[in-house]
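Peer 1: Quick one, fold the following:
(one chain, ligands or ions: 2)
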Amino acid sequence: MNLLQVENVHTYYGKSYVLQGVSAEVRSGSVVALLGRNGVGKTTLIRSICGLTPPREGVIRFKGRSIEGQPAHRISGMGIRLIPQGRRIFPSLSVEENLRVALRPQGSTGWTVERVLATFPRLRDRLHNRAGKLSGGEQQMLADGRALVGNPELLLMDEPTEGLAPLMVAELGNVIARLKGEGQSILLVEQNLSFALEFADHTYVMSKGRIVYDAPPDELSNNAEVMARYLGV
Ligand SMILES: Nc1ncnc2c1ncn2[C@@H]1O[C@H](COP(=O)(O)OP(=O)(O)OP(=O)(O)O)[C@@H](O)[C@H]1O
Ligand SMILES: [Mg+2]
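Peer 2: Ligands and ions are numbered 1, 2, ... in the order given. As a prediction, this is how the structure comes out:
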């Protein structure tokens, strides 16, 4: 069964018509990459799924139940957690407080604050520091850890490599590989194509508020026209 099914979703910001009939799915246990240039609507699709910018039309099903009218906190409580673009950790709270406020012990993935600290030892060194004082890479780890302690069935990652140094990108890659190995379902928005293709079981390419292409990653890599036209590579 599809864990997530997006059907013909139309989303607006006021009068601005952004998502113009988007359909996509995430199978349980898979990593799905959502690709496309700046401003095509990737974050808007993520926000539509989370209930932050609900669609005006269309259906979003999570484990078969339609969720598109539900408030964001309810959707989060159902097991969909977001690692937002730009991290958005709470800068004035400590690392520990950032993790504690996000705890959701139920769920089958078994994440605890302790396990996050074992996975990201740098966070343990910074446990009582204000999150706003962390480096970009450390803030990304905190954002990842904060989503993971929510024990999500579906993890939404919005451009996690954006602005990270190469070493941090590699470290994040190790974490995603591990999550994938544990069967974590992930919808990964990326502009770093090679990074996304490393993990993706399936890819969607967006342009101007629509999905213009979807295929397994090897098929996308062999499609020079789609790569050049929609991804600028
Ligand atoms: N809060 C908002 N109010 C009005 N328009 C918005 C808002 N957020 C985004 N938009 C517009 O919606 C369109 C899609 O934006 P979105 O952020 O979804 O793109 P994106 O694919 O995530 O881009 P990026 O790769 O730069 O993050 C853009 O034209 C953007 O200017
Ligand atoms: Mg975005």
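Peer 1: burial count for Arg115?
Peer 2: 14 (other Cβ atoms under 10 Å). Any C-beta I mention is one placed from the backbone N, CA and C, and that applies to glycine too.
Peer 1: Likewise for His128?
Peer 2: 9.
Peer 1: Repeat that for the one 4 residues further on.
Peer 2: Residues contacting Gly132 under the criterion other Cβ under 10 Å number 11.
Peer 1: pLDDT value on it, please?
Peer 2: With respect to pLDDT, Gly132 scores 95.
Peer 1: tell me which parts of this structure are close to ligand 2?
Peer 2: Within reach of ligand 2 by Cβ under 5 Å from the ion, the chain has these residues: Lys42, Thr43, Gln85.
Peer 1: In TSV: those, plus pLDDT and secondary structure.
Peer 2: Shown next, in TSV, are these (pLDDT from 0 to 100; DSSP: H, G, I helix; E, B strand; the rest coil):
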residue	pLDDT	secondary structure
Lys42	98	helix
Thr43	98	helix
Gln85	92	coil
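Peer 1: partner residues bridging Val9?
Peer 2: Beta-bridge pairing for Val9 (DSSP bridges): Val22.
Peer 1: what number of residues lie near it?
Peer 2: When neighbours are counted by other Cβ under 10 Å, Val9 registers 24.
Peer 1: from the residues of the chain next to ligand 2, which are also near ligand 1?
Peer 2: Lys42, Thr43, Gln85 (Cβ under 6 Å from any ligand atom).
Peer 1: what's the burial count for the first one?
Peer 2: Think Lys42. Here the number of neighbours of Lys42 (other Cβ under 10 Å) works out to 21.
Peer 1: cool, the last one as well?
Peer 2: When neighbours are counted by other Cβ under 10 Å, Gln85 registers 17.
Peer 1: Please name the nearest non-neighbouring residue to it.
Peer 2: Leaving aside its sequence neighbours, Gln85 sits nearest to Asp158 (Cβ to Cβ, 6 or more residues apart in numbering; 4.0 Å).
Peer 1: so that neighbour makes contact with Arg81?
Peer 2: No: contact between Asp158 and Arg81 fails when scored by Cβ atoms under 8 Å: they sit 11.7 Å apart.
Peer 1: What score does the most centrally placed residue in the chain have for pLDDT?
Peer 2: Geometric centre of the chain, nearest residue: Met157, 1.8 Å, by Cα atoms, centre = their mean. Met157 carries a pLDDT value of 97.
Peer 1: Now it: which helix or strand?
Peer 2: strand 154-158 (DSSP states H and E).
Peer 1: same question, Leu220
Peer 2: helix 217-221.
Peer 1: what about that helix, average pLDDT?
Peer 2: Helix 217-221 comes out at a mean pLDDT of 97.
Peer 1: ok, and what's touching that helix?
Peer 2: The contact list for helix 217-221, computed with Cβ atoms under 8 Å, 6 or more residues apart in numbering, reads Ala33, Ala196, Leu197, Ala200, Asp201, His202, Thr203, Val205, Tyr213, Val226, Met227.
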